[in-house]
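what's the 3D shape of this:
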Amino acid sequence: MSDKRRRRLPRNVREQEIIDAALHVFSKRGYHAAVVDEIAELAGISKPMVYLYLGSKEGLFVACIRRESQRLAATFKDAAQAGGSTPEQRLWAGLTAFFAFVAEHRDAWLVLHRQAPDQSEAISAELAQARRSIMAVVAGLVGQGITEGGRPGLGEQDADFVAHALVGAADSLTEWMERHPGQSPERMTIGLMNMMWVGMRNVLTGEVWTPPRET
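Residues are numbered from 1 along each chain as shown. Sure, this is the predicted structure:
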């Protein structure tokens, strides 16, 4: 029997060990091919104990999604809040932390980005909650930029529009990042800020694009 099986641990500590093991197995096998026996073996406990703690294979997956999505959202929010005195600086810090999380927590990214969207409603709900949390922070930063820029005619709906575009682009760029190893989080953020924030800044100064008139 392994040391892990012999140790008596507080429930919350044991639960985190199980989630660690499950995250690794799900990232390696995928949800459908993963088996609870392997998760139990990696966690150093019996299969019935895994079910006792987290209920089912879906319960394990939901626990992984909940923990990692909350970690990702907290990473973004904490970095943004400590990132500087302007919305631009805070967005830079938050996005850099986002891309760093993706680079440093590959198992979590594989489960969150590639596997979770195709699973049950319970799993989708966990993802949606984390996305809303990040979206609210980004919309707030864009809204501050609108307020500070003093641009009439722009408001909450515009901030929400830009937030959806930014978060969607950042999420999509994680795939590009995967295909181009060696790209630093800072480099990814610079590229995204140049594409999105520069455009937003131009709008705040009154420069907008309109479709060309047909002649």
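
Tell me who's in contact with the residue nearest the centre of the chain.
Per CA atoms, centre = their mean, the C-alpha nearest to the average position across the chain is that of residue 72, at 4.5 Å. Neighbouring residues of residue 72 by CB atoms under 8 Å, 6 or more residues apart in numbering: 98, 101, 108, 112, 130, 134. All C-beta atoms are positioned from the backbone trio N, CA, C, and that covers glycine.

let's see it at 10 Å
Contact analysis of residue 72 by CB atoms under 10 Å, 6 or more residues apart in numbering lists 97, 98, 101, 102, 105, 108, 109, 112, 130, 131, 133, 134.

Give me the pLDDT for the second one.
Translated: residue 98. Residue 98 is assigned 92 on the pLDDT scale.

Not counting residues beside it along the chain, what's closest to it?
Counting by CB to CB, 6 or more residues apart in numbering, residue 98 lies nearest to residue 76, which is 5.1 Å off, once chain neighbours are set aside.

Then the fifth one?
For residue 105, ignoring the flanking residues on the chain, the nearest one in space by CB to CB, 6+ apart is residue 68 at 7.3 Å.

Now do the phi/psi pair for that neighbour.
Dihedral angles of residue 68 (phi, psi; degrees, to the nearest 10) stand at phi -70, psi -40.

buried residues in stretch 141-158?
By neighbour count on 16 or more other CB atoms under 10 Å, the buried set for stretch 141-158 is 141, 142, 143, 144, 145, 146, 149, 154, 158.

I'd like the distance between the fifth one and residue 202.
According to CB to CB, to the nearest Å, residue 145 and residue 202 sit 12 Å apart.

got it, and the second one?
Per CB to CB, residue 142 is found 14 Å from residue 202.

Equivalent analysis for the third one, please.
According to CB to CB, residue 143 stands 17 Å off from residue 202.

picking that back up, what does the model give the residue nearest to residue 98 for pLDDT?
Looking at residue 76, the pLDDT reads 90.

same question, residue 5
If you check residue 5, the pLDDT there is 49.

what pLDDT, on average, does the longest helix seen in the chain get?
Assignment by DSSP state H gives helix 121-149 as the longest helix of the chain. Mean pLDDT, helix 121-149: 81.

chain center to the next helix-or-strand element following it, what's the gap?
Per DSSP states H and E, the first helix or strand lying C-terminal to helix 121-149 is helix 156-179. Mean-position distance between helix 156-179 and its chain equals 11 Å (CA atoms, centre = their mean, to the nearest Å).

per-domain residue ranges of this structure.
Domains of the chain are assigned by automatic domain parsing as 3-55, 60-203.

Quickly compare the ones you listed and say which is most buried.
Ranked by mean neighbour count, these are led by domain 60-203 with a mean of 17 (mean count of other CB atoms under 10 Å).

which other residues reach stretch 171-185?
With CB under 10 Å, 6+ apart as the test, stretch 171-185 has contacts from 95-104, 106, 109-110, 112-114, 131, 134, 170, 187-192, 195.
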